[in-house]
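Chemist: Sharing a model that was predicted from the sequence below.
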Amino acid sequence: QLPAGPNGTVSCGDWSGCGTGADGRSWDFETCSLLVEPIGTNGVTDMFPPREWTDRWLATHCRARFGVTPSPRELVSAWGFDREGLLAQGA
């Protein structure tokens, strides 16, 4: 449940789908660690209030909430999920 009032919000790493409770915290942790999603909104081509996404904002949010630093390239390095590698494999 969102906080009451006309300006009630929940802050999380993926601004397009913030949640509350354990599910919301779990997803926010994922976007703060390995599954970094650079999603900004503009309020024109989407249904969300304008919010620019930045690495700096995400890092500050993640350190404050979970004590972690986002690692957006870790899965790419560990499992080879880079665009060129996938294309070379015919994926």
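Modeler: Everything's here; your move.

Chemist: Flag the shaky bits of the chain, pLDDT-wise.
Modeler: For the chain, the stretches flagged by pLDDT under 70 are 1-20, 81-83, 85-86, 89-91.

Chemist: What ranges does it have for its helices?
Modeler: Applying DSSP state H to the chain gives helices spanning 21-32, 55-66, 74-79, 83-88.

Chemist: Out of those helices, which is closest to P38?
Modeler: Nearest of the helices of the chain to P38, taken as CB to CB: helix 55-66 at 8.0 Å. C-beta coordinates here come from the backbone N, C-alpha and C atoms, glycine included.

Chemist: Tabulate the helices of the chain in a markdown table, adding columns for distance to T45 and mean neighbour count.
Modeler: Putting those into a markdown table (distance: least, CB to CB, whole Å; neighbours: other CB atoms under 10 Å) gives the following:
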| stretch | distance to T45 | mean neighbour count |
| --- | --- | --- |
| helix 21-32 | 21 | 15 |
| helix 55-66 | 20 | 14 |
| helix 74-79 | 28 | 12 |
| helix 83-88 | 24 | 10 |
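
Chemist: could those be laid out in JSON lines, adding distance to G43?
Modeler: JSON lines is the format used below for the helices of the chain (distance: least, CB to CB, whole Å):
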{"stretch": "helix 21-32", "distance to G43": "21"}
{"stretch": "helix 55-66", "distance to G43": "17"}
{"stretch": "helix 74-79", "distance to G43": "31"}
{"stretch": "helix 83-88", "distance to G43": "30"}
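
Chemist: which residues does L34 contact?
Modeler: 71, 74-75 (CB atoms under 8 Å, 6 or more residues apart in numbering).

Chemist: how does it look with 10 Å?
Modeler: With contact taken as CB atoms under 10 Å, 6 or more residues apart in numbering, L34 is in contact with 68, 70-76, 78.

Chemist: Repeat that for A59.
Modeler: With contact set as CB under 10 Å, 6+ apart, A59 has these partners: 32, 36, 68-70.

Chemist: same thing but 8 Å
Modeler: Applying CB under 8 Å, 6+ apart, the residues contacting A59 are 69-70.
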